[in-house]
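**Student:** Return a 3D structure for these sequence lines:
(one chain, ligands or ions: 2)
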Amino acid sequence: MQQWTCTTPGQMDLQEADMPQAKSGYSLLKVRAIGICGTDIHAFAGNQPFFLYPRILGHELGLEVVESDQFAIGEFVTLIPYFNCQSCEACKQGKPNCCENIQVFGVHADGGMREFILVEDRYILAAKGLSLEELALVEPFAIAAHGLRRGQIQAGDQVLVMGAGPIGLFTILIAKLKGAKVEVSELNADRLQFCAEQLGIPASTQTSYAKVIDATGNLAAIESGFARLAHGGQYILIGLQKQAIHFSHPEFHKREAMLMSSRNATIEDFEYVMDLFRQGKIRSEWFISHRFDWSAVGSEFPSIHDPARKIVKALITLKK
Ligand SMILES: [Zn+2]
Ligand SMILES: [Zn+2]
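**Tutor:** Ligands and ions are numbered 1, 2, ... in the order given. This next block holds a predicted model:
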């Protein structure tokens, strides 16, 4: 079988590899659709912290079952790519998304940019009606859903989402589906236009919000968000960056504000998102702007971050 390996920053090599061997408790899956994520782009660019090379990227996957005791052959599935230890404090608390020993598929361990993968059955979710393209969008939507669940976003909440990359857009859409009053702050005019035209979401008009959600992962944006919090407000960080965050304690204190991070997602978030797809409340064609053939991975990756390409979400597709 073939696999694309990011051998070193800026270099993607098509390699020939042995097929994974089926074993009990695991399913052999054919990779059919791969969503390209900011993590993949950062890893390729060489600015993902603690990233080791060579690495097979890819963790947003639409998959087809080839061999399994648990799932039907030919059935479409996706996976929860956060491999966890089941024994640390977080795992015992039912929070495997922030397991102390987490191995994210495609980040800490080799991922899905290969024709076949072998995955432990407990991480696999049956499509039950979702298409391969929809399955490839489930993970980033689950990240958004998890952040909103962490922040207990409800109907009527005034929400500011900072950043309208894919995670920001998905956060905006799910917050809107929950009935929140959502506004967006974003520097890129094309993305702002997308929010207005495709999602009906205006650029920020208010000085403060009950809930501020960062989906930029940019230090300056994150630090600016504290001043946008209403008194009694809540700040949820979905985006991640490398530096220490500085903010005024008196300003934070007088608001009795709450600051929380949101890491990955849990099975509850995956199932919630998959139901939204089944109900037609999320449609993959709203967001998938570019599709690449498997053979084009090496030629497409070097320019995938280029804003001039106006990529909302790009997908690699593999034939049956
Ligand atoms: Zn991702
Ligand atoms: Zn654990």
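**Student:** and the top helix by length along the chain, what's its mean pLDDT?
**Tutor:** Once the chain is assigned using DSSP state H, the helix that runs over the most residues is helix 132-150. Averaged over helix 132-150, pLDDT sits at 98.
**Student:** Next: stretch 72-85.
**Tutor:** On average, stretch 72-85 scores 98.
**Student:** for stretch 31-51, same thing?
**Tutor:** Mean predicted lDDT for stretch 31-51 stands at 92.
**Student:** returning to that earlier point: who does the next helix-or-strand element following the longest helix of the chain pair up with?
**Tutor:** Under the assignment DSSP states H and E, the closest C-terminal helix or strand after helix 132-150 is strand 158-162. With DSSP bridges as the test, strand 158-162 is paired with strand 181-185 (parallel), strand 209-214 (parallel).
**Student:** Break down the stretch 201-320 of the chain into its strands, ranges please.
**Tutor:** 209-214, 229-237, 258-261, 288-293, 313-317 (DSSP state E, counting those that start in this stretch).
**Student:** Mean neighbour count, these: which tops it?
**Tutor:** strand 209-214 (a mean of 26; mean count of other Cβ atoms under 10 Å). C-beta: built from backbone N, CA, C; applies to glycine.
**Student:** Can you list the neighbours in contact with that strand?
**Tutor:** 147-148, 151, 153, 157-163, 171, 175, 180, 183, 221-222, 225, 228-230, 232-239 (Cβ atoms under 8 Å, 6 or more residues apart in numbering).
**Student:** again, 7 Å this time
**Tutor:** Residues outside strand 209-214 that contact it (Cβ atoms under 7 Å, 6 or more residues apart in numbering) are 147, 151, 153, 157-163, 171, 221-222, 225, 228-230, 233-239.
**Student:** before we move on, what about stretch 250-264?
**Tutor:** Contacts of stretch 250-264 (Cβ under 7 Å, 6+ apart): 82, 97-98, 143, 146-147, 150, 226, 229, 231-238.
**Student:** Kindly give a single ChimeraX line that selects the buried subset of the contacts of strand 209-214.
**Tutor:** Only the buried entries of the contacts of strand 209-214 go into this ChimeraX selection, using 16 or more other Cβ atoms under 10 Å:
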select :147,151,153,157,158,159,160,161,162,163,171,221,222,225,228,229,230,233,234,235,236,237,238,239
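**Student:** now Q154: how far from ligand 2?
**Tutor:** Distance, Q154 to ligand 2, using Cβ to the ion, to the nearest Å: 30 Å.
**Student:** try I153
**Tutor:** 27 Å.
**Student:** what's the residue in the chain positioned nearest to ligand 1 in contact with, if anything?
**Tutor:** As assessed by Cβ to the ion, ligand 1 sits closest to C37 within the chain, at 3.0 Å. Neighbour list for C37: H59, E60, P140 [criterion: Cβ under 7 Å, 6+ apart].
**Student:** One more: G298?
**Tutor:** W4, M12, L14 are the contacts of G298 under Cβ under 7 Å, 6+ apart.
**Student:** May I have the predicted confidence score for it?
**Tutor:** pLDDT, G298: 95.
**Student:** what does the domain assignment say about this protein?
**Tutor:** As recorded under automatic domain parsing, the domains making up the chain are 2-143+264-317, 152-261.
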